[in-house]
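Asker: Structure for the following, please:
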Amino acid sequence: MADAATEMEMLLEKKQVVTVQGRDKTRRPIVRIVGKNFPARELGGRGGGQAEAALKGYVRRRVLPAIGETEFVVVYMHSGVDRGENFPGVAAIRAAYESMPAAVRERLHAVYFVHPGLQSRLFFATIGRFIFSSGLYGKLRYVSRLEYLWAHVPKGELDVPEVVRRHDDELERRPLMDYGIEASERCGVFDAASMDTTASLRSLRCVS
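Answerer: Numbering: from 1, shown residues only. Predicted coordinates:
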């Protein structure tokens, strides 16, 4: 069990799913989460409970020490996420947050949700109110374009993956995608969220 959890944590590190890099404009450390990089297929195949435990362990052992004892922010990049390949599941996101000690959760200043899309907004405005604690829900900030993120984070402080930049360019060219009127050119991109019936990493997964 321990070896499997360690192997999963190493996979999360290799994929650079969660990294601490740079500081925002008030010098808070930034925790960057790239949804596209999350290896949901590999982790899910090894048992949802173990995968969820690995994510919690990774946050505790790799992320929290890098943050230190100061306030911090999270930048979650949703661009290019596909439900069958790399979505970690709302349950996993909640588990990672709740695995933090209360004192650490209090130091979380904001969660910047980059490229949320209409359906994600609707989900968090309805079901999200019930499955997330009020502390986390109240810190959620939607960022529809990278240019709005730069109001909070200096441009050179954060490494933005190419898939995020491409999606941002696509949104600029096709603004109706923000309202769910026009679909993305990339097949399989999902945005809606709902609940499955299993209580594991695969639970509360997003579905198209």
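
Asker: how about the nearest residue to residue 167 once chain neighbours are set aside, phi and psi?
Answerer: Excluding the flanking residues, the one nearest residue 167 by Cβ to Cβ, 6 or more residues apart in numbering is residue 79, at 3.9 Å. For the C-beta atoms, the positions are set from N, CA and C on the backbone; glycine is no exception. Backbone torsions for residue 79, taken as degrees, to the nearest 10, come to phi -60, psi 130.

Asker: residue contacts, residue 79?
Answerer: 35, 36, 114, 115, 161, 163, 164, 166, 167, 168 (Cβ atoms under 8 Å, 6 or more residues apart in numbering).

Asker: Go through these and flag which are in strands.
Answerer: residue 114 (DSSP state E).

Asker: Now, of the contacts of residue 79, which are buried?
Answerer: The neighbour count (16 or more other Cβ atoms under 10 Å) marks 35, 36, 114, 115, 161, 163, 164, 167, 168 as buried among these.

Asker: Name the helix or strand for the most centrally placed residue in the chain, please.
Answerer: Closest residue to the average C-alpha location of the chain: residue 76 at 4.2 Å, with Cα atoms, centre = their mean. Per DSSP states H and E: residue 76 is located in strand 72-77.

Asker: what residues does that strand touch?
Answerer: 24, 28-36, 107-115, 149, 152-153, 158, 160-161, 164.

Asker: Apply 6 Å and report the result again.
Answerer: 24, 28-34, 109-114, 164 (Cβ atoms under 6 Å, 6 or more residues apart in numbering).

Asker: With stretch 96-115 instead?
Answerer: In contact with stretch 96-115 (Cβ under 6 Å, 6+ apart) are residues 28, 55-56, 59, 71, 73-79, 136, 139-143, 167.

Asker: quick one: buried residues of that stretch?
Answerer: Buried residues in stretch 96-115 (16+ other Cβ under 10 Å): 96-97, 99-100, 104, 107-115.

Asker: Show me which of these is closest to residue 41.
Answerer: The closest of the buried residues of stretch 96-115 to residue 41 turns out to be residue 96 (Cβ to Cβ; 18.6 Å).

Asker: and that closest one, how far is that from residue 53?
Answerer: Separation of residue 96 from residue 53 (Cβ to Cβ, to the nearest Å) stands at 11 Å.

Asker: any chance of the contacts of residue 79 in TSV, plus distance to residue 11 and pLDDT?
Answerer: Below are the contacts of residue 79 laid out as TSV (distance: Cβ to Cβ, whole Å; pLDDT from 0 to 100):
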residue	distance to residue 11	pLDDT
35	15	84
36	15	85
114	23	92
115	24	88
161	18	93
163	19	91
164	21	93
166	25	92
167	24	89
168	27	91
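
Asker: Can you tell me which of the contacts of residue 79 is closest to residue 64?
Answerer: Once Cβ to Cβ is applied, the member of the contacts of residue 79 that ends up nearest residue 64 is residue 35, at 20.4 Å.
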